[in-house]
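> give me a model of this one.
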Amino acid sequence: MTEIVAHHGLLKDIALHVDDTGGPGRPVVLIHGWPLSGESWSEQVPAFQAAGFRVVTYDRRGFGRSDKPLTGYGYDTLADDLHAVLTELELTDVTLVGFSMGGGEVARYLTKHGPERVRSVVFASAVTPYMLTTGDNPEGPLSPAEAAKMTAGLTANQETFYDGFTRDFFSVDGELKVTEEQRQDALALALQSSKVAALACMTSFGTTDFRDDLPTVTVPALVIHGDGDATVPLAGSGARTHAALPGSEYHVVAGAPHGVNVSHAEEWNRVVLEFLAR
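From the prediction side, this is the model:
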């Protein structure tokens, strides 16, 4: 456990909470989804460590145990935060695994900082290539009306909003695919977030267009997604991301919700570890 200070010129320096298993293995950096923290990778860290990898997780600014500033929630700054983690820990030959919102950080990182430190990437239930439904993005799975509804719900009452959100996060057709204890764990992580950060990041993942970022992904890539994902639906996100990345590997987890890395951890870990081994 450590803290890394991210420097951003005119922006205030902030401390990011980082957990690093250490060891000589090849590094894998796990970038969590919204509105959770690095602790949401509890099903992956021990499995990946047991497979010989050095596993690094960190809490995005505004979430978990990291600093919670009032600004800096655009993807350019978030990608710079990721770069601070890689450079401070002197990580190279890294696999970046971006879950949901974290997939955007992976795409923007490669645009801003290039592939020099990166061996491969995983887009896991990721928000790429572009969530918002617009005239030139009709396949975007997030309508402006639904985005406004989410913003209003979180603004009005974060406890009520997160309770419903975590149910949807782990459900397929209204059926919860994890234990209630696992859902409560995720709810507790969500409630650690700053409302300012959560609202700003909601705007970022909902409205950022990554279609020009994906061509910068020149390293091997895996796209993995649940086909029952109601939060970031497969057809508008994972399937399109795979199509935009020639040569990418693609795995659809049958009957899995958005939180597939918890609900179907055994299959998810197996597929990602097989990719890492190549």
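> who touches the closest residue to residue 142 other than its chain neighbours in this structure?
Nearest-residue entry for residue 142: residue 131, 4.3 Å, with adjacent residues in sequence omitted and distances by C-beta to C-beta, 6 or more residues apart in numbering. Backbone N, C-alpha and C define where each C-beta goes, glycine included. Applying C-beta atoms under 8 Å, 6 or more residues apart in numbering to residue 131 gives the contacts 140-142, 205-208, 232, 236-237.
> and the pLDDT at residue 131?
On the pLDDT scale, residue 131 is placed at 98.
> distance of it from residue 240?
Per C-beta to C-beta, to the nearest Å, residue 131 is found 11 Å from residue 240.
> paired strands for the longest strand along the chain, with orientation please.
When the chain is parsed with DSSP state E, its longest strand is strand 11-20. With DSSP bridges as the test, strand 11-20 is paired with strand 2-8 (antiparallel), strand 54-58 (antiparallel).
> let me see the mean pLDDT of the last one.
What that stands for is strand 54-58. For strand 54-58, mean pLDDT rounds to 97.
> how about the helices in the stretch 1-150 of the chain?
Secondary structure of the stretch 1-150 of the chain by DSSP state H, counting those that start in this stretch: the helices cover 45-50, 75-88, 101-113, 144-156.
> contact partners for residue 190?
Residues near residue 190 by C-beta under 8 Å, 6+ apart: 35-36, 162, 165-166.
> again, only this time at 7 Å
Neighbouring residues of residue 190 by C-beta atoms under 7 Å, 6 or more residues apart in numbering: 35-36, 162, 166.
> could you give the mean pLDDT of the longest strand of the chain?
For strand 11-20, the per-residue pLDDT averages 90.
> ditto for stretch 163-178
The pLDDT scores in stretch 163-178 average 98.
> burial check on the closest residue to residue 119 other than its chain neighbours, number of neighbours?
Leaving aside its sequence neighbours, residue 119 sits nearest to residue 93 (C-beta to C-beta, 6+ apart; 4.7 Å). Residue 93 is flanked by 10 other residues according to other C-beta atoms under 10 Å.
> tell me the pLDDT at the closest residue to residue 107 other than its chain neighbours?
Excluding its sequence neighbours, the residue lying closest to residue 107 (C-beta to C-beta, 6+ apart) is residue 213, at 3.9 Å. On pLDDT, residue 213 comes in at 98.
> from memory residue 213 sits against residue 111, does it?
Yes: the pair residue 213 and residue 111 passes the contact test of C-beta atoms under 7 Å, sitting 4.6 Å apart.
> between those two, which one's more packed in?
Ranked by neighbour count (other C-beta under 10 Å), residue 213 and residue 111 place residue 213 first, with 23 against 17.
> where does pLDDT dip in the stretch 1-150 of the chain?
For the stretch 1-150 of the chain, the stretches with pLDDT under 70 are 1, 9-11.
> mind running it again at 80?
1-3, 7-12 (pLDDT under 80).
> for the stretch 51-200 of the chain, what spans make up the strands?
Remark: strands assigned in the stretch 51-200 of the chain by DSSP state E, counting those that start in this stretch are 54-58, 94-99, 118-124, 171-172, 175-176.
> could you dump the contacts of residue 131 into TSV with distance to residue 51 added?
Shown next, in TSV, are the contacts of residue 131 (distance: C-beta to C-beta, whole Å):
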residue	distance to residue 51
140	36
141	33
142	35
205	29
206	34
207	37
208	32
232	27
236	32
237	27
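> out of those, who has the most neighbours?
Going by other C-beta under 10 Å, residue 237 tops those with 28 neighbours.
> taking the contacts of residue 131 one by one, which sit in helices?
205-207 (DSSP state H).
> which one of those residues is nearest to residue 54?
residue 205 (27.5 Å; C-beta to C-beta).
> can you check the pLDDT for the closest one?
98.
> what is the burial count for the residue lying closest to residue 110 once chain neighbours are set aside?
Leaving aside its sequence neighbours, residue 110 sits nearest to residue 216 (C-beta to C-beta, 6+ apart; 4.6 Å). Residue 216 has 17 neighbours, counted by other C-beta under 10 Å.
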